[in-house]
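>>> Output the structure for:
(chains A and B)
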Protein chains: 2
Amino acid sequence: MKNAILASTSTLHGQHYLEYLLPEIKNLYKGASEVIFIPFARPGGISLDEYTKKAGDAFKMANIDLKGIHEFEDPEGAIKNAKGIFTGGGNTFLLVSELYRKKLMQPLREAIFSGAAYLGTSAGTNITGLTMQTTNDMPIVYPPSFKTLGIVPFNINPHYLDPDKNSTHKGETRETRIKEFHSINSQPVAGLREGSWLEIAGDKITLKGSLSARIFEKDKLPYEIETNSALTDLN
Amino acid sequence: MKNAILASTSTLHGQHYLEYLLPEIKNLYKGASEVIFIPFARPGGISLDEYTKKAGDAFKMANIDLKGIHEFEDPEGAIKNAKGIFTGGGNTFLLVSELYRKKLMQPLREAIFSGAAYLGTSAGTNITGLTMQTTNDMPIVYPPSFKTLGIVPFNINPHYLDPDKNSTHKGETRETRIKEFHSINSQPVAGLREGSWLEIAGDKITLKGSLSARIFEKDKLPYEIETNSALTDLN
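Next up is the predicted model:
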């Protein structure tokens, strides 16, 4: 019985870290006295302790204690026994490398499939797809694999950005990058704009937040789905 | 005796493909009757033949014949004997994967170090750094290594984009991404804006084009260098 919130971003413009997600956080972790934080993505290169303090301060607003996975003597056991887990954003390559290096990818997958309440933001959402291959991040470290948790049967592109029609920049648009992905991969990609999240309840997947999302399927034109739509059959 | 042009982009806004580089192309390949094109990066997922035709049409403006490396029965031999080579942009992960898979990375390095005239644009420039880890591209395929040609003793970030101070988007800026790179890697990064290129003549590296470039060194504040400056000592 999966129970998860997969958010495009941790923070909305003009708001505090996790502010817009606080009602979801309170609801998601109902009954969990302590939530485990996975800080490995280290946004901007900050330390694991700094990042855990930042996330812990935000979780205090929801009266939830957060403990960094790196503070446990037995991280694998901690994941197995966790009632609630939060993986923060940052660099997806670093996050995935550390999860493999510490042998936590499979235990994390099993915990979420067994019902541990899971929140992901940005990189923490990216790893819930089949692979991390639709990340926007720089490959700052070489992970042993691009395969990720497969909590949803497709890939996710967080921080999805529409093409800027007025731009004179010739770097690829997000849409072009995802088209390149589909030239050699077949799974669909859900482009989640900032402020959107996927709510996972058992096998049901629902788009939440105020915005529509953009769905990319191989050999099809991309299309929009409205908020509160089900993505349960996307695969 | 290296002889290379490493350009940030193939195309400037409002111009045709390679248009602004035509004078450089004519000069670089002086004396080469045929230039080999490496189309593996396949921008937008186009085919090797389509991409070779596009590049060949542009090279015709400089009266140079271009032949795709995939058209040779012995690609390794072709690289070894080449007087001129051009690697086009697209997806860097795909380009690097194919160069390794076809065992062309080392021959390409040796050819350039032996004096084959080399033009890179975008992904074709990214691979001339020590590693491809400061690419902007999506990891659409898993390459056997991130190590690249090391034609210059640092990394390159093509299509370098300054942070947009008016943006409300919370995805990482290019500068933040490079800072994350430096949290676990030590080589400098040259951020080349569109319209800039590096001219390599032997061991001399010079910034060309009308713009300044932004240089990132680990544990230092990023700084600008003016066009016509030498980067020979950056390492």
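>>> ranges for the strands of chain A?
A:3-7, A:34-38, A:65-68, A:84-87, A:117-121, A:155-157, A:189-191, A:197-201, A:204-208, A:213-216, A:223-225 (DSSP state E).
>>> Would you point out the helix or strand in chain A whose mean pLDDT is lowest?
helix A:174-182 (a mean of 94; mean pLDDT, DSSP states H and E).
>>> any chance you could map the helices in chain A?
A:22-28, A:48-60, A:75-81, A:92-101, A:105-113, A:123-126, A:174-182 (DSSP state H).
>>> Can you say which of the ones you listed is nearest to chain B?
helix A:174-182 (4.4 Å; C-beta to the nearest C-beta). Every residue, glycine included, has its C-beta placed from N, CA and C.
>>> Which strands and helices lie in contact with the closest one?
strand A:155-157, strand A:189-191, strand A:213-216 (3 or more C-beta pairs under 8 Å, 6 or more residues apart in numbering or on different chains; DSSP states H and E).
>>> Mind checking these for the one nearest to chain B?
Short answer: strand A:155-157, nearest of the helices and strands packed on helix A:174-182 by C-beta to the nearest C-beta, at 8.6 Å.
>>> in its sheet, what does the closest one sit against?
Paired neighbours of strand A:155-157 in the sheet (DSSP bridges): strand A:189-191 (parallel).
>>> neighbouring contacts of stretch A:99-106?
Outside of stretch A:99-106, the residues within contact range by C-beta atoms under 8 Å, 6 or more residues apart in numbering or on different chains are A:38, A:40, A:69, A:75-76, A:79, A:96, A:98, A:108, A:127, A:143-145, A:148-149.
>>> Could you identify the buried members of these?
Buried subset of the contacts of stretch A:99-106 (neighbour count, 16 or more other C-beta atoms under 10 Å in any protein chain shown): A:I38, A:F40, A:I69, A:P75, A:I79, A:V96, A:E98, A:L108, A:I127, A:P143, A:T148, A:L149.
>>> Dump those residues to a markdown table, plus distance to B:L21 and pLDDT.
Formatted as a markdown table, the buried ones among the contacts of stretch A:99-106 follow (distance: C-beta to C-beta, whole Å; pLDDT from 0 to 100):
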| residue | distance to B:L21 | pLDDT |
| --- | --- | --- |
| A:I38 | 45 | 98 |
| A:F40 | 42 | 98 |
| A:I69 | 49 | 98 |
| A:P75 | 51 | 98 |
| A:I79 | 52 | 98 |
| A:V96 | 37 | 98 |
| A:E98 | 41 | 98 |
| A:L108 | 48 | 98 |
| A:I127 | 40 | 98 |
| A:P143 | 35 | 98 |
| A:T148 | 39 | 98 |
| A:L149 | 44 | 98 |
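>>> Next, format the residues you listed as a markdown table and append distance to B:H13.
Shown next, in a markdown table, are these (distance: C-beta to C-beta, whole Å):
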| residue | distance to B:H13 |
| --- | --- |
| A:I38 | 41 |
| A:F40 | 39 |
| A:I69 | 46 |
| A:P75 | 49 |
| A:I79 | 49 |
| A:V96 | 35 |
| A:E98 | 40 |
| A:L108 | 44 |
| A:I127 | 36 |
| A:P143 | 35 |
| A:T148 | 36 |
| A:L149 | 40 |
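>>> and of these, the nearest to A:A7?
A:I127 (12.8 Å; C-beta to C-beta).
>>> Spatially central residue for chain A, please.
Against the mean C-alpha coordinate of chain A, by C-alpha atoms, centre = their mean, the closest residue is A:T125 at 0.8 Å.
>>> what's the spacing between that one and B:Y51?
A:T125 sits 33 Å away from B:Y51, going by C-beta to C-beta, to the nearest Å.
>>> ok so, going back, comparing the helices of chain A, which comes out most buried?
helix A:123-126 (a mean of 30; mean count of other C-beta atoms under 10 Å in any protein chain shown).
>>> What residues does A:L130 make contact with?
A:K147, A:T148, A:G150, A:V152, A:P153, A:F154, A:N155, A:Q187 are the contacts of A:L130 under C-beta under 8 Å, 6+ apart.
>>> between the residues you listed, which is closest to chain B?
Using C-beta to the nearest C-beta, these come closest to chain B at A:K147, 9.1 Å.
>>> So the closest one is in contact with A:T131, correct?
Yes: contact status for A:K147 versus A:T131: in contact at 5.6 Å, counting by C-beta atoms under 8 Å.
>>> who's more crowded, these two?
Set side by side, A:K147 and A:T131 show more neighbours around A:T131, with 23 against 17, by other C-beta atoms under 10 Å in any protein chain shown.
>>> Ignoring the adjacent residues along the chain, who's closest to the more buried one?
Of all residues not flanking A:T131 in the chain, A:F146 sits nearest, at 4.8 Å (C-beta to C-beta, 6 or more residues apart in numbering or on different chains).
>>> What residue in chain A is the furthest from its centre?
Within chain A, A:T168 marks the point farthest from the mean C-alpha position, 30.7 Å out by C-alpha atoms, centre = their mean.
>>> Do you know the pLDDT at it?
A:T168 is assigned a predicted lDDT (pLDDT) of 84.
>>> for A:G171, same thing?
We have a pLDDT of 80 for A:G171.
>>> how about it, what does it touch?
So A:G171 contacts B:T9, B:N136, B:H159, B:L161, B:E194 (C-beta under 8 Å, 6+ apart).
>>> and of those, the nearest to chain A?
B:H159 (3.8 Å).
>>> what about the closest one, how many neighbours?
By other C-beta under 10 Å, the residues close to B:H159 number 22.
>>> pretty sure it contacts B:D137?
No: B:H159 is beyond contact range of B:D137, at 10.0 Å (criterion: C-beta under 8 Å).
>>> any idea how far A:Q133 lies from B:M138?
For A:Q133 relative to B:M138 (C-beta to C-beta), the value is 7 Å.
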